[in-house]
Every structure is written in C-alpha cells, then in structure tokens.
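Participant: 3D, please:
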Amino acid sequence: MKSNILVVDDEDVARQSLTDILKLEGYTVASASNGQAAIEWVRTHPIDLMIVDLRMPGMDGLEVIQVVNQVSPDTEIVLLTAFGSTDSAIQALRLRIHDYLTKPASPAQVLASVKKGLTRRSTKLQAKSGVRDIVEMDETIKEFQLKDGTLVDLSRRQIRFGKKLEHLTPAEGRLLRILMENEGKVFSHRELVLLVQGYDTSQREAPEILRPLVSRLRHKLENFPSLSERVASVRGTGYVYEGEK
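Facilitator: Coordinates of the predicted model:
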C-alpha cells in the first residue's frame, strides 16, 4: 500500500518540487500552502508522514507540529527550513520530529529522510501492537511467585514478602511486568519508553527518560532479596530482567 505524504510549504516552487519528487517515487502526495490548511487536511485524511516548512505566515512549522502531534501522533514529521538555527533545531527535537533538513535539500536527502521516517513509523506501530499484546497477557499472568516466597502481584502492583509490602506506581508496575514477562530479553531504552510510557523518543533522549523510573523501581526492589538485583543494565543498550538461578 502506498504511503500518504503531506507537503506543507508556502513557497509554490518548493512545494511543487517536493510533491513531484515524491510522486515519482510512487508515494501518494497531497500539499498545503499554509499551516491551517495542513491541520485541516490531517484532521480529515490519514497521513503517514508530513514534510513541513518552518517559516510560514500565520502558523509556523513548530505550531503545526504541536497540533499534529495531538491530532495524529503516528504521523512522522520532517521539518524543512532555510533557517538552520540551533534554537529551531532544539525546539523541533523537543517536539519529537523525525528529521530536520536545511533548504535547499537535495532530492536524495529528502527521499532518504522520508524512507527512514516511514520505516520508523512502521517500527513504532509494531511496538504499539506489542503494548496491546502485553495488556492482553496481563489478563492471564497476574502474579509471579519467586522461590523464597516473594509474591509480585501485577494486577494490584504490589510486592509482598512476609510482612514487607511495597506498592508500585502504574509506570513502575508496567516496567517490571514487561521485564519479568520477558525474562532474559534485552530491551533497548527506546523500546521501554514506548512500551511503558506510550510514546516514541530518540535514542539519545530515551536513557534520560528511563533513568529516574528505573532508579525508583530498583530502590523499592532493594527491600526484597530475590528481586534486588534482577533488573540489570546492559551497557549502552538498555535493561534486562535476570531470572533466578
């Protein structure tokens, strides 16, 4: 099935050029000459990827991205601008765009970015499907009983051992459940952010997002000898739950 792409640029020549390049590659392409028109199109049409210019009259590219992230969070975004300022790049990255290209970008650069963006979108959707699978698994796997009698109650987000009782937050509970149900499987930081928090982020940002959550979970697990060192770091990659020997 052809991917649906929206080109948003107030410059007629640039907009038409991008549209032609993408159509020649077999994509289904629509275009909009301003931010408001782009948002209306996204509200009424499925869009896999959007290429949007930063500087436009009325709504600028960053404002468009903020709305699209709410209206169509699965749409990948490539920001195109003639003003390659550091501040704009940082703002764009905070909005979790896929890529940032400076005008005039060559056809090869544009096509490479689009291809990577569509691949990333496919990966995200597969991972979200995994989230649904995990939720369904939760209906059947509610408890883990460890050898020393420690009970991990996933439905109530509680850990019990003798008179000790620890409550987990929803995020801590999801993280522990994902790891325990996949004993020995190494999850990347980025995968865990998506599975636990429900949104995608960059490989650079993901460890910073996860670190405080993992730290809080480990602090609670320290009260239970059979769990205290089970959530292990895999250097430069992510985390894994190491089962009992």
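
Participant: My guess is Arg218 contacts Arg230. True?
Facilitator: No: using CB atoms under 8 Å, Arg218 makes no contact with Arg230, being 9.3 Å away. In short, each C-beta sits where N, CA and C put it, glycine included.

Participant: who touches the closest residue to Glu76 other than its chain neighbours in this structure?
Facilitator: In this structure, Glu76 finds its nearest non-sequential neighbour in Gly117, 3.9 Å apart by CB to CB, 6 or more residues apart in numbering. Contacts for Gly117 (CB atoms under 8 Å, 6 or more residues apart in numbering) come out as Leu49, Glu76, Ile77, Val78, His98, Asp99.

Participant: what's the answer for Val7, then?
Facilitator: Arg15, Leu18, Thr19, Leu22, Val29, Ala30, Ser31, Ala32, Met50, Ile51.

Participant: Kindly recompute the last result at 7 Å.
Facilitator: By CB atoms under 7 Å, 6 or more residues apart in numbering, Val7 lies in contact with Arg15, Leu18, Thr19, Val29, Ser31, Ile51.

Participant: now, which of those sits nearest Ser202?
Facilitator: Ile51 (18.9 Å; CB to CB).

Participant: helix, strand or coil for the closest one?
Facilitator: strand (DSSP: H, G, I helix; E, B strand; the rest coil).

Participant: since we're on the closest residue to it other than its chain neighbours, how many residues are nearby?
Facilitator: Closest residue to Ile51 apart from its sequence neighbours, by CB to CB, 6+ apart: Val78 at 4.7 Å. For Val78, the tally of surrounding residues (other CB atoms under 10 Å) stands at 23.

Participant: And the pLDDT for Val78?
Facilitator: Val78 carries a pLDDT value of 88.

Participant: Arg218 falls within a strand, correct?
Facilitator: No: per three-state DSSP, Arg218 lies outside any strand segment and is helix.

Participant: Next one: it from Arg211, what distance?
Facilitator: 11 Å (CB to CB, to the nearest Å).

Participant: Pick out whichever of these two has more residues nearby.
Facilitator: Between Arg218 and Arg211, counted using other CB under 10 Å, Arg218 has the larger neighbour count: 17 against 12.

Participant: Just to check, that one is in contact with Val231?
Facilitator: Yes: between Arg218 and Val231 there is a contact under CB atoms under 7 Å: 5.9 Å.

Participant: Make sure the residue nearest to Ile51 is indeed in a helix.
Facilitator: No: with three-state DSSP as the criterion, Val78 is located in strand rather than a helix.

Participant: related to what we said a few turns ago, and which of the contacts of Gly117 is nearest to Arg43?
Facilitator: For the contacts of Gly117, the nearest to Arg43 is Ile77 (15.6 Å; CB to CB).

Participant: right, and that closest one touches Met50 too?
Facilitator: Yes: look at Ile77 against Met50 with CB under 7 Å: they come within range, at 5.2 Å.

Participant: Quickly list what's touching both of the two.
Facilitator: Common neighbours of Ile77 and Met50 (CB under 7 Å, 6+ apart) are Val68.

Participant: More neighbours: which of the two?
Facilitator: Met50 (28 against 25).

Participant: Appreciated, that's everything.
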